[in-house]
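1. Kindly return the folded structure for what I paste below:
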Amino acid sequence: MTVKLDRNRLVLRSCTIDPPLALAPMVGLSHSALRLLIVELGGAGLFFSEMLSVGRLPSENENISPYLSRTPAESPLFYQIFAGAGQDVLPAIDRLHALNAQGIDLNLGCPAPALRKLGAGSFMGDKLIAATVRTIRSATSLPLSAKIRLGKTLDEKSLVSFCKMLEDEGIDLLTVHGRLHGEKFCRKVRWDWIAKVKKSVAVPVIANGGIFSVADARKCLHESCADGLMIGRGAAVRPWIFAEIAQDLYGLEISKRPSLTEIYFRFIALLEARFQPERRLGRLKQFTHYYAENFAFGHHLATGVQNADSIEEASDTAGKFFEKSDK
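-> Now for the predicted structure:
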């Protein structure tokens, strides 16, 4: 394993992450259109795909699948996978090699009920996790990361032991979401518990959870001692947040930000460029749910777009809202 750290970059094997700011894997959001929008606004050093089933991945058609659609600009890109008991991960790893993945991420923290049936995500047992990581590590030379939560309860000994096991089995990078399994996003994130992981392992640690501003980023890095940050919902609310943090914390030169209206319609244009017509409206509605938080009466924008029956109707509704807005 080759790991190099400095103030602005992280090198994992053959992959350089510069700056150490990552877009989180989010269902319905971490797709090509949002990734490209963030590329244009600047500041992100790493992207993750939406989580992908190892069972379905080998047969997915990258030319039409909204989950695999990407451009060369969306790089480095780690594909996040989830696996359950009895599932063979090797065909999925072979497929990721064919897709020119820059890294592979194993989801070990998602509490979604659908994953419970598979024994995947946060429901995956430690022995299966160890075996799965070992199998993936033996099958690829790509950087291998894992995204975890703090555990079922606040148990430092158990958390540290689990993270050391992942390191021993060949994980190159750990992303730690600072909440327990099943805790809602309204629960205050425990960045100080991420510091316990950072102290216990030699591999780089990325902190995730509760980052919506430059001030949040500074506080998180201070409390977690992490090597970088992963931003989820905050990136859907403010896709330019990476640029702001990169400029403030890492001294990157960032171009002037477009207006809120320009960013929104650019996102629509990217949806139209990257997805088939039937794949666009749902993703616009999901994005708008978060983006509307930028406006004093944003609930009107979110509701109007949610009720639209076509992307053209949603675009028209948004245009009328922006005409009335003072932003």
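2. So residue 314 belongs to a strand, correct?
-> No. Applying DSSP: H, G, I helix; E, B strand; the rest coil, one finds residue 314 to be helix, outside a strand.
3. What pLDDT is listed against the closest residue to it other than its chain neighbours?
-> Once flanking residues are discounted, residue 314 sits nearest to residue 308: 3.7 Å by C-beta to C-beta, 6 or more residues apart in numbering. C-beta: built from backbone N, CA, C; applies to glycine. For residue 308, the pLDDT comes out at 98.
4. Tell me how many other residues crowd residue 308.
-> Residues near residue 308, counting by other C-beta atoms under 10 Å, number 19.
5. Residue 205 too?
-> Using other C-beta under 10 Å, residue 205 has 22 other residues around it.
6. now the spatially closest residue to it that is not a sequence neighbour: how far from residue 307?
-> Leaving out its chain neighbours, the residue that sits closest to residue 205 by C-beta to C-beta, 6+ apart is residue 198, at 4.6 Å. Per C-beta to C-beta, to the nearest Å, residue 198 is found 45 Å from residue 307.
7. higher neighbour count, these two?
-> Between residue 198 and residue 307, counted using other C-beta under 10 Å, the more crowded position is residue 198 (20 against 11).
8. which secondary structure elements does the helix or strand harbouring the more buried one contact?
-> According to DSSP states H and E, residue 198 maps onto helix 191-200. In terms of contacts (3 or more C-beta pairs under 8 Å, 6 or more residues apart in numbering; DSSP states H and E), helix 191-200 is packed against helix 156-169, strand 173-177, strand 205-208, helix 214-224.
9. quick one, it and helix 156-169 angle?
-> 50 degrees (axes from the mean of the first three to the mean of the last three C-alpha atoms, to 10 degrees).
10. in the stretch 201-327 of the chain, which spans are helices?
-> Under the criterion DSSP state H, counting those that start in this stretch, the stretch 201-327 of the chain contains helices at 214-224, 233-237, 241-250, 260-274, 281-291, 298-306, 311-324.
11. chain center to the longest one, what's the gap?
-> Okay, so that is helix 260-274. 20 Å (C-alpha atoms, centre = their mean, to the nearest Å).
12. What of the fifth one?
-> Here the centre of helix 281-291 is set off from its chain's centre by 17 Å, with C-alpha atoms, centre = their mean.
13. List the contacts of that helix.
-> Contact with helix 281-291 is made by 28-29, 31, 33-34, 66, 233, 236-237, 264, 267-268, 271, 275, 298, 301-302, 305-306, 308, 310-311, 314, 318, as judged by C-beta atoms under 8 Å, 6 or more residues apart in numbering.
14. got a list of what the nearest residue to residue 298 once chain neighbours are set aside touches?
-> With C-beta to C-beta, 6+ apart as the criterion, residue 298 has its nearest non-adjacent residue at 3.3 Å, and that residue is residue 292. Neighbouring residues of residue 292 by C-beta under 8 Å, 6+ apart: 298-299, 301-302.
15. Among those residues, which one has the most neighbours?
-> residue 301 (25 neighbours).
16. quick one, what contacts that residue?
-> Neighbours of residue 301 in contact, by C-beta under 8 Å, 6+ apart: 288, 291-292, 295, 317-318, 321.
17. next one: residue 77
-> Neighbours of residue 77 in contact, by C-beta under 8 Å, 6+ apart: 35, 46-49, 70, 101-103.
18. try 6 Å this time
-> By C-beta atoms under 6 Å, 6 or more residues apart in numbering, the contact list for residue 77 reads 47, 102.
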